[in-house]
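> attaching a predicted model along with its sequence, questions to come.
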Amino acid sequence: MANKTKKILLETSDVIIENKEYLTELDAAIGDGDHGINLARGFKKLKEKLENETFTERNELFKLTAMTLISNVGGASGPLYGTAFLNISKVISDERLDLDDLVEIAEEAIAGIQKRGKAEAGEKTMLDTIIPAAESLKQSRDNNLDLETALNNCLETAAEGMKNTIEMQATKGRASYLGERSIGHQDPGATSAYLMIKTFITSYL
Amino acid sequence: MANKTKKILLETSDVIIENKEYLTELDAAIGDGDHGINLARGFKKLKEKLENETFTERNELFKLTAMTLISNVGGASGPLYGTAFLNISKVISDERLDLDDLVEIAEEAIAGIQKRGKAEAGEKTMLDTIIPAAESLKQSRDNNLDLETALNNCLETAAEGMKNTIEMQATKGRASYLGERSIGHQDPGATSAYLMIKTFITSYL
Amino acid sequence: MGKKLINDPDNVVSEMIEGIVMASHQRLEKLNDYNVVVRKDAPVEKVALVSGGGSGHEPAHAGYVGQGMLDAAVAGDVFTSPTPDAIFEAIKTVDSGNGVLLIIKNYTGDIMNFEMAAEMAEAEGIEVDHVVVNDDVAVEDSLYTTGRRGVAGTVFVHKIAGAKAAQGADLKEVKRSAEKVIKNVRTKGMAINPCQLPAAEKTTFSLAEDEMEMGIGIHGEPGTEKTKLKKVDQIVELLLDDILSDLEIKTNEKVTLMINGMGGTPLMELYIANRKANQLLKDKGIKIYKTYVGEFMTSLEMEGLSITILKLDDDLINLLEAESEINLL
Amino acid sequence: MGKKLINDPDNVVSEMIEGIVMASHQRLEKLNDYNVVVRKDAPVEKVALVSGGGSGHEPAHAGYVGQGMLDAAVAGDVFTSPTPDAIFEAIKTVDSGNGVLLIIKNYTGDIMNFEMAAEMAEAEGIEVDHVVVNDDVAVEDSLYTTGRRGVAGTVFVHKIAGAKAAQGADLKEVKRSAEKVIKNVRTKGMAINPCQLPAAEKTTFSLAEDEMEMGIGIHGEPGTEKTKLKKVDQIVELLLDDILSDLEIKTNEKVTLMINGMGGTPLMELYIANRKANQLLKDKGIKIYKTYVGEFMTSLEMEGLSITILKLDDDLINLLEAESEINLL
Ligand SMILES: Nc1ncnc2c1ncn2[C@@H]1O[C@H](COP(=O)(O)OP(=O)(O)O)[C@@H](O)[C@H]1O
Ligand SMILES: Nc1ncnc2c1ncn2[C@@H]1O[C@H](COP(=O)(O)OP(=O)(O)O)[C@@H](O)[C@H]1O
Ligand SMILES: [Mg+2]
Ligand SMILES: [Mg+2]
Ligand SMILES: [Mg+2]
Ligand SMILES: [Mg+2]
């Protein structure tokens, strides 16, 4: 289990590092142009640490991810993603995860992000990818869909959530300084969140 | 006489002001890009003063020109041209000038420039226009040429002198800092000196 | 544009911190493994002051570490708030048992990272409190924003809280002085040319030959309004108007005025701006107690300026005039 | 490029001088009709120091007027030496009967204009002497040049001659101190981006995206060599090599080091350069007594830096450490 999880986290790191320029460009438009640089710095460090150690439990892996992001990313996204992963490490087990587990994990992640950032859905942040994605998982569970369909739906909803940030006016984070000028640009954090969710799901399926 | 001289000085001012950009560009290539700006500032002031006063003697006009350039041009060219005009004011009479007079005037101007700047011919400065021009006047006088021919020869020699600065390596003034890189550019001071001589001569003829 | 006098974009902050410490001749020290600058004589028996934030704002904040101002400055990556572990190390190093005040600029990232560090310090029994500086009137302080940003006014918090702490005041009193500054200080900035992160390919915003940005922040964020380039006298008037409509100042009240360059602005231009600011304040009957013209809170090589007004009373004047090792302010 | 925070290019110097005087809060004064800044309390009963030159080098020279340094600074137009009448007014205002020392940077224009002013002052019975600063090793000191230029090292002459004059030394002694600095100070500079005169349409030189100029002066003159952009550590090494091959320094001799920004260079980059300069000097066994990092002698918004080394003895150290109202140095 831990090995599979490690592989997924390594793949996530690669995806973020590959998208460093893209995420930075998105942040330059409505923020301060460092989101990709920040995350890539953190995930590069994470890769090193993952590659140099062996793990037996999933929660260790998520805790390491959390601490590495917290002490290497900085900015707004460092504490937010860091706390999200920290919260995940508290609930994740080494069993095969079912839809109930996934819903719990997503909710814990959101709780972590909201504890630190105090944002709601619709404020043009990473939460606008993550909250709809979590909602979709919940619905799938309530409708007793199978895991594969649930994950596919979740990914689609996350993509929609990310794209919906284009039309939003930011009221949290640096982009809020722009007022109406923040409209028309996709949120960098919503985009990095989508990239992570996509990698988790694709690797999982 | 004074009126004619005043007119010539006004025309000279106009020519320098018109060539402000050109002289500045030449100075940008091998100096600090202000020669046209410096001279234009001085000659603009001179125009104002000339237009607001009446003069009866030529030497007053040249003294005014000298003092105005000295206290408004600054840089290297301000004291140099200023002292040149100051020296001219000391020898110029109100009579009609013959070739002997013109030679004396040119020599006095050169003496003034050399007193301040301690340069010789061939150092890529304004003197490389003025010294050959003066030499030409002297030759014309020694060969008993008529005034018009003498002035035409002088103008031609001044133009050649100016152009010869292109091939020279500067050893005086700011351009000397460039060493060999000063070769290939026409000296701004040699150019402004030519413009002045040309205006004097054309207006005089 | 784009060229920089650096070695490797990944090392700019640590190399800069080393350069700062070397220039200090034993006055300052860098903490091992962290981009943290502390007074060499830390901990000093008094309330300790820790500030910090992204790098690229030099001399902020390491330039303000010294007797009479900060005890430590924590430097994040360029324009990126520092991480909790570094802030925590700074707190531990400078705490003398009299408590630590964190001076935070109001950015989501800074607040979250400093808060996490404070939680870590409190868990170890260190008394920590914090203030959040939010002097930038370019940002509306409303439900729809995260509140005004902290910009150049922050250095007055360093100075005045630093002076108060040096006098031996306790953490509550030092915090109260800091909050008094925050209540009375306002800033607005603008730029004619943007800046570029060492690790990025492009500037964060771009301006045409005849454009400027009003209401810029200090992180290369685009401003609140892109307009045609104006004469500096008009720009100063616009900036001051916005500041003074936010900070009510009565006739004959005293202020300090700061004309702050954004990093690439020649001093000549700052002095020309100062001329107009002085004239305008004089016309309004406002007394300028002291004027600062220079670079205090920059954005790499950005060309532009910000104006800061701090409303003074006798208490603030005394603290402003207090001795300090830092001669910038 | 090209944008400036000014009003009218023709008025930049006078408006700047007004802004400087206003920022001084009664410490300085502008002479009527002249761009001359003098100490408000002039003439002071001591040898008076007058410096000046073209504008665009701020804080030089008006920023160095004050107790312990200059008595007057004469500001010419941008990059253009001031005229004799203005220099003469400055001399008359600050002379207390103890004589006046002119601190001139080695440029044909500056020397001629200051000399003419000196002649005018002497004609009125004022005792005037002068020194010519020529610290720029980029220029060969040979028959084929007008000698080395005067650049950032000039501010050490202001400081040390200023301290000597403040101690009550006579004109000869003050001049001797100034000449000692001149003998022992060397500088070399470089730029990655040029500057542009407010009244000109173009920059004086231009550089491609991957080029730099070594051996630039402080007037936007092209440098002595255009090369590919290097890492700052290599640049610092090249500059120091040229300085140290001109100024012989023995192991364990003491120096002051100045990393001077050309106007548009972020402080971050200067500190990164300082790191390398410190390492290199240490490797050579040279003792750095004091380090200055900042903007001391600039070229408008030029991006680049210069390094200055002043070789010290105990006498110079004492004067360098003397009290002064000017906290830049
Ligand atoms: N309060 C918040 N809650 C949730 N997400 C936030 C919040 N503030 C900012 N973000 C997210 O963080 C992203 C910016 O991250 P980053 O650029 O790394 O940090 P910074 O803004 O400090 O430079 C934004 O695009 C947004 O999605
Ligand atoms: N010593 C000198 N003797 C004669 N002419 C000189 C001397 N030094 C400089 N010049 C002339 O002055 C010109 C430059 O004038 P200007 O640009 O106004 O002054 P600056 O060099 O101080 O900026 C040069 O092109 C050269 O012709
Ligand atoms: Mg960002
Ligand atoms: Mg010139
Ligand atoms: Mg950031
Ligand atoms: Mg000049």
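Ah, there it is. Numbering: from 1, shown residues only, chains lettered A, B, ... in the order given. Ligands and ions are numbered 1, 2, ... in the order given.

> low-confidence ranges, the stretch 101-250 of chain C, go.
Along the stretch 101-250 of chain C, segments meeting pLDDT under 70 span C:143.

> close to ligand 1: what parts of it are there?
Counting by C-beta under 6 Å from any ligand atom, the residues of the stretch 101-250 of chain C close to ligand 1 are C:108, C:109. Yep, even glycine has a C-beta here, placed from its N, CA and C like the rest.

> just the strands in the stretch 101-250 of chain C please.
Using DSSP state E, counting those that start in this stretch, the strands of the stretch 101-250 of chain C run over residues C:128-133, C:185-193, C:211-214, C:225-228.

> skipping adjacent residues, who's closest to residue C:191 in space?
Excluding its sequence neighbours, the residue lying closest to residue C:191 (C-beta to C-beta, 6 or more residues apart in numbering or on different chains) is residue C:304, at 3.0 Å.

> re the thing from before, tabulate the strands of the stretch 101-250 of chain C (JSON lines), appending mean neighbour count.
Shown next, in JSON lines, are the strands of the stretch 101-250 of chain C (neighbours: other C-beta atoms under 10 Å in any protein chain shown):
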{"stretch": "strand C:128-133", "mean neighbour count": "21"}
{"stretch": "strand C:185-193", "mean neighbour count": "27"}
{"stretch": "strand C:211-214", "mean neighbour count": "20"}
{"stretch": "strand C:225-228", "mean neighbour count": "13"}
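
> possible to save those strands as a markdown table with distance to residue A:133?
Converted to a markdown table, the strands of the stretch 101-250 of chain C look like this (distance: least, C-beta to C-beta, whole Å):
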| stretch | distance to residue A:133 |
| --- | --- |
| strand C:128-133 | 32 |
| strand C:185-193 | 38 |
| strand C:211-214 | 36 |
| strand C:225-228 | 35 |
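
> for residue C:271, which of those strands is the nearest?
Closest approach to residue C:271 among the strands of the stretch 101-250 of chain C (C-beta to C-beta): strand C:185-193, 16.4 Å.

> so which elements touch the closest one?
When contacts are defined as 3 or more C-beta pairs under 8 Å, 6 or more residues apart in numbering or on different chains; DSSP states H and E, strand C:185-193 packs onto strand C:211-214, helix C:232-244, strand C:254-261, strand C:303-312.

> neighbours of residue 101, how many?
With no chain named, the answer covers chain A. Residues within reach of residue A:101, counting by other C-beta atoms under 10 Å in any protein chain shown, total 14.

> that answer is for a different chain, and I need it for chain C
Neighbours around residue C:101, by other C-beta under 10 Å: 28.

> pLDDT score for residue 87?
Let's take chain A. pLDDT, residue A:87: 97.

> to clarify, I was referring to chain C.
Residue C:87 is assigned a predicted lDDT (pLDDT) of 98.

> one more: the one 10 residues further on?
At residue C:97, the pLDDT value in this model is 98.

> what about stretch A:182-195, near ligand 1?
Yes: using C-beta under 6 Å from any ligand atom, stretch A:182-195 reaches ligand 1 at A:187, A:188, A:189, A:190.

> ok, stretch A:154-163 next?
No: Stretch A:154-163 is not in contact with ligand 1 by C-beta under 6 Å from any ligand atom; minimum separation 10.1 Å.

> other residues contacting that stretch?
Under the contact criterion C-beta atoms under 8 Å, 6 or more residues apart in numbering or on different chains, stretch A:154-163 has outside partners A:128-133, A:135-137, A:140, A:186-187, A:190-191, A:193-194, A:197-198, A:201-202.

> so how far is that stretch off the chain centroid?
Distance of stretch A:154-163 from the chain centroid (C-alpha atoms, centre = their mean, to the nearest Å) equals 12 Å.
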